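> Sequence and predicted structure, then a few things I'm wondering about:
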Amino acid sequence: METPIELYGTQTGNCLRAAIALEEAAVAYKVHHVDLGTGEHRRPAYLAVNPAGQVPAIVDRSNVGAPLVLSQSNAIIFYAAARAPGRLLPENEGPERAIAYERFFFFVTDVIAPGHAAFFLRSQHAADASRLLDERMLAALRTAERYVLQSPFMAGDNFSIADIAAFTITSFVNSRLQWDQLPNLERWFRTVESRPAVVRGLRAFSH
Ligand SMILES: N[C@@H](CCC(=O)N[C@@H](CS)C(=O)NCC(=O)O)C(=O)O
């Protein structure tokens with residue numbers, strides 16, 4: 001029987017993207033809930049998994065030798081993609097795969113990263129700087145309308161890691177988007193949110 005990957009995390013964007021990727025790749029996994037509210041991520045039991053004290057993290061004991069530990073959400077997404085060739089990335093290197101990388105990194109670096117930075121600045125009471133970054137993040141996200149103008153998914157005809165990166169941040173700012181001006185993004189969003197693997201991934205930490 002396949003040894004399930006152990007996924008540590010909680011209900012945050014980084015953790016949900018990891019869970020969605022594992023679900024979409026049909027990789028067996030077992031969830032360990034880490035309660036950030038009570039500081040569980042800073043206790044020795046969890047620091048033994050990820051010394052950085054952050055979630056998500058996965059531990060894969062199915063390989064020969066020492067268990068593989070990954071503690072970057074994007075590395076987990078790529079690991080899941082590699083376990084299911086052709087499902088989350090075009091199977092061969094070439095233009096289609098390059099486009100999937102391009103769109104994935106657009107969401108990671110131009111939307112998610114400034115969104116996280118804005119959140120951090122707000123927590124530090126730097127409201128003006130936070131607002132600037134927040135507006136920059138929303139403006140970048142709005143430009144993604146062009147990616148889905150003629151394609152069902154962010155990188156073309158097939159679901160990919162780019163859709164995983166795009167989905168959680170779009171959900172997060174859902175109520176702040178002017179959807180009547182983003183008809184293609186809205187169609188894409190409805191399609192992705194109804195995918196069974198996405199629905200399961202979103203619920204991964206809710207039990
Ligand atoms: N670069 C990491 C960031 C992980 C991260 O920021 N995790 C947050 C939750 S989404 C966390 O653990 N925060 C608690 C802390 O930093 O103390 C990734 O993409 O996985």
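It's in. Residues are numbered from 1 along each chain as shown.
> So which residues of this structure form strands?
5-9, 29-33, 57-60, 68-70 (DSSP state E).
> Could you say which of the ones you listed is packed most deeply?
strand 5-9 (a mean of 23; mean count of other Cβ atoms under 10 Å). Just so you know, the C-beta spots here come from the backbone N, C-alpha and C atoms, and that holds for glycine as well.
> Give me the packing partners of that one, helices and strands only.
Judged by 3 or more Cβ pairs under 8 Å, 6 or more residues apart in numbering; DSSP states H and E, the packing partners of strand 5-9 are helix 13-24, strand 29-33, strand 57-60.
> looking at these, which is closest to the ligand?
With Cβ to the nearest ligand atom, the closest approach to the ligand among those belongs to helix 13-24: 3.9 Å.
> Show residues contacting the closest one.
5, 7, 9, 29, 31, 55-56, 58, 73, 76-77, 80-81, 84, 87-88, 112, 159, 161, 164-165, 167-169, 172, 195, 197-198, 200-202, 204-205 (Cβ atoms under 8 Å, 6 or more residues apart in numbering).
> Check these one by one and keep those near the ligand.
Among those, proximity to the ligand is found for 55-56, 73 (Cβ under 6 Å from any ligand atom).
> Next, format the residues you listed as JSON lines and append pLDDT, neighbour count and distance to residue 101.
Putting these into JSON lines (pLDDT from 0 to 100; neighbours: other Cβ atoms under 10 Å; distance: Cβ to Cβ, whole Å) gives the following:
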{"residue": "55", "pLDDT": "98", "neighbour count": "26", "distance to residue 101": "25"}
{"residue": "56", "pLDDT": "98", "neighbour count": "26", "distance to residue 101": "21"}
{"residue": "73", "pLDDT": "98", "neighbour count": "27", "distance to residue 101": "16"}
